[in-house]
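**Student:** Quick one: sequence plus predicted model below, questions after.
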Amino acid sequence: MSVEVATSRWRSVAWKRVAQYYAIAFGGAVVVGLGLVGLSRLLPPSLQMLTQLVTAVLYMPLPIVAGLIVERLNGRHYLIAELRRGFFRAYGRSAGYAISTMVIILALGFAVAWAAGATGLPGAGHLVTSDAELRQRLMEITPGVTASTWLPSAAMVAIPGLIQGLIAGLTINGLFAFGEEYGWRGVLAEQLRPLGVLRSNLVIGVLWGLWHAPIIIGMGHNYGSQWALGVPMMVAWTVPLSFLLTWVRARAKSVLAPAILHGAYNGTIGIFALLIIGGNLFISLPMGWLMVAVLTILAIIAWRFPPVPAATQAATV
């Protein structure tokens, strides 16, 4: 692509609308994040889980709020209106693409986790291979679990947990994730469409990752006290994940698809934190560089199978 063509694409983006969207989404994130920090300090330890519910209710819908406001300010049609036409058909198609993609992410994730552990990759940890290891792991991370506590086998823990996470993606998790996806893979993606798939997803992935900074810094979201490294680490894996979410939207032709995939992702990847022993937070799955590698590999493979005919893809990639 020539420099002139690339420059023309950048100039054709309505950057004022992009700025409006991000000012509302990120500004709201800062306000809500500060409120959540205050709430967490007021609540006793027994009620700290309440902050997670408040985060889901107030933080995750900020992108859809920003998207709807931008659509209103600029007199554009509401993307959400499209969902009323053929909703159930779109939902079924979206669920198929999203859940199958999530299963592939999990399968490759387990393969990478096993291979990294088997080769002794520093910081990768290793997968639980026995019930005794599972017990030890649960004793480390779960208050009240002792050597005498009855526990199911590793398979009985993992399989139902994964199924529940996938079902959550189709239902409650998907509903909350829709608040994010309407903004990122919906309204913002439409504004950045002139940049093509590669550049638009790089921009969206970075902005999306940085949008989490208020709760990473204020509440230790995903990375605890290591927030200084947690913010760029978040960006590192939201970029390739954005490509996959965009791919399922294009395949299913509905923003419901990335919402379901996003919800299923949130509901299932925690299984790696349970089943991986001795891993470094920034290297092992689910929040480290190995997850970045998994998502990047799948994003590259996915876009080898374009969601639109080759004749039209050339105008968008």
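**Tutor:** The structure has been received and is ready for your questions.
**Student:** mind checking how far residue 72 is from residue 187?
**Tutor:** Distance from residue 72 to residue 187, counting by Cβ to Cβ, to the nearest Å: 11 Å. In this view, the C-beta of every residue, glycine as well, is placed from N, C-alpha and C.
**Student:** who are the neighbours in contact with residue 303?
**Tutor:** Residue 303 is in contact with 197, 243, 247, counting by Cβ atoms under 8 Å, 6 or more residues apart in numbering.
**Student:** Grab the nearest non-local neighbour of the last one.
**Tutor:** The one in question is residue 247. residue 302 (4.5 Å; Cβ to Cβ, 6 or more residues apart in numbering).
**Student:** Who wins on neighbours among the contacts of residue 303?
**Tutor:** Highest neighbour count within these: residue 247, with 26 neighbours (other Cβ atoms under 10 Å).
**Student:** hang on, the earlier thing: from residue 260, how far off is the residue nearest to residue 247?
**Tutor:** From residue 302 over to residue 260 the distance is 16 Å, taken as Cβ to Cβ.
**Student:** what about those two, which has more around it?
**Tutor:** Between residue 302 and residue 260, residue 260 has the larger neighbour count (other Cβ under 10 Å), namely 31 against 20.
**Student:** Surely the residue nearest to residue 247 touches residue 245?
**Tutor:** No. Using Cβ atoms under 8 Å, residue 302 is not in contact with residue 245, being 10.4 Å away.
**Student:** gap between stretch 123-141 and the chain center?
**Tutor:** 25 Å (Cα atoms, centre = their mean, to the nearest Å).
**Student:** ok, residues contacting that stretch?
**Tutor:** For stretch 123-141, using Cβ under 8 Å, 6+ apart, the contacting residues are 110, 113-114, 116-118, 145-147, 149, 151, 153-154, 157, 273-280, 282-284, 288, 290.
**Student:** Let me see the mean pLDDT of that stretch.
**Tutor:** Mean pLDDT, computed over stretch 123-141, is 84.
**Student:** Now do the end-to-end distance for it.
**Tutor:** 18 Å (Cα to Cα, to the nearest Å).
**Student:** tell me which residues in that stretch are buried?
**Tutor:** Going by neighbour count (16 or more other Cβ atoms under 10 Å), the buried part of stretch 123-141 is 124-128, 134-135, 137-138.
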